[in-house]
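**Student:** I would like to see how this sequence folds:
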Amino acid sequence: MDSLQLVPFLLLHPSSLPPQTYTNSSLTRKFRFPTLLKTKTIFSVNAHADAGAGAGAAASSQDGPFAFEDQISHHKDDKALVLARETDDFGYLVGFRLIPESGLEELMTVPPPATTEEDSSSDVVGKPEVADTEEEVVKINVSYNIVFVTAEAAPYSKTGGLADVCGSLPIALASRGHRVMVVTPRYIHGTSEDLKFAGAVDLDHCTKIFCFGAAQEIGFYHEYREGVDWVFVDHPSFHRSGNPYGDKYGTFGDNQFRFTLLSHAACEAPLVLPLGGFTYGEKCLFLANDWHASLVPVLLAAKYRPHGVYKDARSILVIHNIAHQGVEPASTYSNLGLPTEWYGALEWVFPTWARTHALDTGEAVNFLKGAVVTADRIVTVSKGYSWEITTSEGGCGLHELLSSRRSILNGITNGIDVTEWDPSCDKHIACNYSVDDLSGKAKCKIFLQEELGFPLRPDCPLIGFIGRLDYQKGIDLIRLTMPELMEADVQFVMLGSGNPVYEDWMRATESAYKDKFRGWVGFNVPISHKITAGCDILLMPSAFEPCGLNQLYAMRYGTIPVVHETGGLRDTVHNFNPYIEESKAESTGWTFSPLTKESMLAALRYAIQTYNEHKSSWKGLMLRGMTRDCTWGNAASQYEQVIEWALGDPPYC
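**Tutor:** Numbers count the residues shown, from 1 in each chain. Sure, this is the predicted structure:
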């Protein structure tokens, strides 16, 4: 998607116009901007970065009509006039209305709108009342029995966004009148983390599942919290140190076994567990999240429906990250407890170039593929990602199958837990603040600078990064850009863990730029809140991002995101452009594309220059982000629609 490019123009002060001049039309022209980090001008900037550049080029910090005479070429035939400033609901600058000289005479006859004496002296609108961000609970006439199946769910277990979704969306759906169960493993580590399961009660209901050549005995624990039945599958394979998928030595070798147990247990739970005095029964809607739960749709079709069970149940596959598919050798199919004739549903053959040796046939079983071809509907965690996974670049080998099922593929952008992420009552940050009083954010910045050992400079742009240290999150691009970025008057803090190479690089960079860079190896929830509240800019140069939550947290806290235009980042961050026609902009940050050093630096330069020189525009960006509806209410209503479609159609398999 290409953004606007403007030709060089000369901006004149509105006071120089005839008093009766008024119009809504505009002339789009190209422009050039100086850089902050280098004396040279970068022209190879992507169109989306160009579109948001205007705020970074102004010479006035009050967002008045900008004078670009020192930075642009003057062309006699390319002059334009500023008729009026475009402002948002808060009265902050978002753009200008422009007309060519040739159209001035025609517009002289158009009468201006009626104004009061007060209006004639200012074009800044009054600040509107900010609506309460609490979700409005909407009761519905039809309620469903919904069963979430997931490898992790906050606050019980968490490694990323999957846990946040499966910890918040069930509560949102339950508040709308549905009966909701979440089935997830009971991870026991032998540490204080086990206290997270302290509220769960053993149901004393053991069930035997036949798979992997034997009858596996599992148990169930249960906690009723916030209207949701949280059911924990208990088995010795879930009792070990590390995270749900591995430990410091690497990924667990028996993950296929562990998550096969989870899928079987999730199919049994609605039939055998009398929660609240009665079972969920056979008419359920299963939401299978990622490959860990992908056997659920296959089991419904292959194991239960042939015997008349779950004939009224439906399944929805929710893809959070298609890069992980649960691929194992083909010989393991016999361990899954599925009929032999269903092997084709999971069959996967690697291309020749991906095989390990000449005699390797490339045959495997793929859990996620099995769900793609058997689920009644498929949902991704953003609209942009629902398109990306149907392309050869983003589908990770499943793009053709997903394209064939495009008619039942939907994208629903995630929400966030606004009770945990709320700057007005966050217990982790130094000072609370809100859209009505932003003074606390400046105090959070000073506190963060002090805690990190930075010079206490409230006027210096503070940039943050929070995420895993791997290729997906764009760490290679940050490494490549850092020497040039450190030439600017900025401070930079990173929080994350992952690849040891990146962790060592963070330590080395901190030593090289002691007053400008800090790297926090590991993950700490309170620190992530402090960085989100204390930074001015959040950088997310992800190579791909199904949805992304950090940019939503950042906007909620008045921190401006600068993101690569991909997946959910494209859907949730609207590029800032002060030269748009609309009077009410939705811009909340900067996006850049392609994923190159030059594009990212250009976007950061515009953000830094806007922060330094155009405080009014910057405050407008903050307020638009903070008042953006990031709650789960909208997402929950969209899930209800998909559930209605799924239950209204006959089973796909």
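**Student:** Give me the pLDDT for the closest residue to Ile412 other than its chain neighbours.
**Tutor:** Of all residues not flanking Ile412 in the chain, Gln638 sits nearest, at 4.6 Å (C-beta to C-beta, 6 or more residues apart in numbering). Where you see a C-beta, it was placed from the backbone N, CA and C, and this is true even at glycine. Turning to Gln638, the model gives it a pLDDT of 95.
**Student:** Can you show me the strands along the stretch 251-400 of the chain?
**Tutor:** Remark: strands assigned in the stretch 251-400 of the chain by DSSP state E, counting those that start in this stretch are 285-289, 314-319, 327-329, 347-349, 363-366, 377-380.
**Student:** would you turn the ones you listed into CSV with mean pLDDT, distance to Asp536 and mean neighbour count?
**Tutor:** Shown next, in CSV, are the strands of the stretch 251-400 of the chain (pLDDT from 0 to 100; distance: least, C-beta to C-beta, whole Å; neighbours: other C-beta atoms under 10 Å):
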stretch, mean pLDDT, distance to Asp536, mean neighbour count
strand 285-289, 98, 34, 28
strand 314-319, 98, 34, 27
strand 327-329, 95, 42, 15
strand 347-349, 94, 46, 16
strand 363-366, 96, 44, 20
strand 377-380, 98, 31, 24
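**Student:** Tabulate those strands in JSON lines, adding columns for distance to Lys530.
**Tutor:** As requested, those are exported to JSON lines (distance: least, C-beta to C-beta, whole Å):
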{"stretch": "strand 285-289", "distance to Lys530": "30"}
{"stretch": "strand 314-319", "distance to Lys530": "31"}
{"stretch": "strand 327-329", "distance to Lys530": "39"}
{"stretch": "strand 347-349", "distance to Lys530": "44"}
{"stretch": "strand 363-366", "distance to Lys530": "41"}
{"stretch": "strand 377-380", "distance to Lys530": "31"}
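**Student:** that older thread, does the residue nearest to Ile412 count as helix, strand or coil?
**Tutor:** Three-state call for Gln638 (DSSP: H, G, I helix; E, B strand; the rest coil): helix.
**Student:** so where's the stretch 101-250 of the chain shaky on pLDDT?
**Tutor:** The stretch 101-250 of the chain contains residues with pLDDT under 70 at 101-141.
**Student:** What of the stretch 501-650 of the chain?
**Tutor:** Scanning the stretch 501-650 of the chain for pLDDT under 70 picks out 580-585.
**Student:** Helices along that one, start to end?
**Tutor:** Taking DSSP state H, counting those that start in this stretch, the helices of the stretch 501-650 of the chain run over residues 525-534, 550-556, 567-572, 597-613, 615-626, 632-648.
**Student:** Does Pro526 touch His428 like I think?
**Tutor:** Yes: under the criterion of C-beta atoms under 8 Å, Pro526 makes contact with His428 at 4.2 Å.
**Student:** neighbour count winner among these two?
**Tutor:** Neighbour count, other C-beta atoms under 10 Å: between Pro526 and His428, His428 has more, with 14 against 11.
**Student:** and the more buried one, what pLDDT?
**Tutor:** As predicted, His428 sits at a pLDDT of 96.
**Student:** Check Leu36 too.
**Tutor:** Per-residue confidence at Leu36 stands at 35 (pLDDT).
**Student:** Likewise for the one 4 residues further on?
**Tutor:** Predicted confidence (pLDDT) for Lys40: 37.
**Student:** same question, Val418
**Tutor:** Looking at Val418, its pLDDT is 88.
**Student:** List the contacts of Phe544.
**Tutor:** 323, 388, 394, 472, 566-567 (C-beta atoms under 8 Å, 6 or more residues apart in numbering).
**Student:** Give the PyMOL command for selecting the buried subset of these.
**Tutor:** Applying 16 or more other C-beta atoms under 10 Å to the contacts of Phe544, the buried members can be selected in PyMOL as follows:
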select buried, resi 388+394+566+567
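**Student:** Make CSV out of the contacts of Phe544 and add distance to Thr374.
**Tutor:** Output for those, formatted as CSV (distance: C-beta to C-beta, whole Å):
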residue, distance to Thr374
Ala323, 21
Glu388, 22
Gly394, 22
Gln472, 28
Thr566, 29
Gly567, 25
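**Student:** Just the closest of the contacts of Phe544 to Asp164, please.
**Tutor:** Gly567 (16.0 Å; C-beta to C-beta).
**Student:** and the gap between the closest one and Ser386?
**Tutor:** 9 Å (C-beta to C-beta, to the nearest Å).
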